[in-house]
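Need coordinates for the below:
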Amino acid sequence: MTYFVEYIVNLTIMKDIHIREAVESDLETLLQFEQALIEAERPFDPTIRNGPLHYYDLKEYIANKEAKVVVAVVNGHIVSSGFGIAKKARTYLDHAHYAYLGFMYTLPEYRGMGINGKIVEALTNWARRKGLWEVRLTVYQDNTPAITAYEKVGFTKHIIEMRIPLDKHEL
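The predicted structure follows:
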């Protein structure tokens, strides 16, 4: 596909995108997104155990008044998701609470179209309405596409978490 045709297709999709709050009937799709997200992150994190698992209690987040789960819909189909949740900040920071963003997932065929930016915009607007003036998220340092997407919408690198695995069998 030529750049011009791809641009027109992306423009058409962006015109038809709708960001809305997730509802419980979205749960089946959101659980599929969660598994796709976990599989995408496994290569970046050798500590994620094998087999089925869940990062989030999405049903609880949808019902929680301190959280906001949003989805992007194109032609009646959910193509992207994200959530924000109010968290208590560390006591030494200049803010008592902040918004933590997670569950940022976009179907591969819809990536690079700015949909993630619209999800982030909806969640940062929610954070402002909640009186939260700090927004954070975590991303694996080798996940360059995700870092690039977050930098496009204004996030900056802040802290690096480091780890050292110890041999379990030495104990």
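
residues near the closest residue to residue 69 other than its chain neighbours, how many?
Beyond its immediate neighbours in the sequence, the residue positioned closest to residue 69 (Cβ to Cβ, 6 or more residues apart in numbering) is residue 22, lying 3.9 Å away. All C-beta spots, glycine's among them, are computed from the backbone N, C-alpha and C. Neighbours of residue 22 under the rule other Cβ atoms under 10 Å: 21.

ditto for residue 99
By other Cβ under 10 Å, neighbour count at residue 99 equals 24.

What pairs with the helix or strand containing it, parallel or antiparallel?
Secondary structure from DSSP states H and E places residue 99 in strand 97-106. Take DSSP bridges as the rule and strand 97-106 pairs in its sheet with strand 77-88 (antiparallel), strand 135-137 (parallel).

what does that strand contact?
30, 33-34, 36-37, 40, 55-56, 58, 69, 72, 79-89, 115-116, 119-120, 123-124, 126-127, 130, 132-138, 146 (Cβ atoms under 8 Å, 6 or more residues apart in numbering).

How much space separates the residue nearest to residue 69 from residue 137?
18 Å (Cβ to Cβ, to the nearest Å).

now residue 117
13 Å.

neighbour-wise, which of the two wins?
Taking neighbours as other Cβ under 10 Å, residue 117 and residue 137 compare with residue 137 leading, 18 against 14.

give the contact list for that one.
Taking Cβ under 8 Å, 6+ apart, we find residue 137 in contact with 100-102, 104, 150, 155.

So for it, what's the pLDDT?
Per-residue pLDDT puts residue 137 at 96.

Check residue 94 too.
Value for residue 94, per-residue pLDDT: 84.
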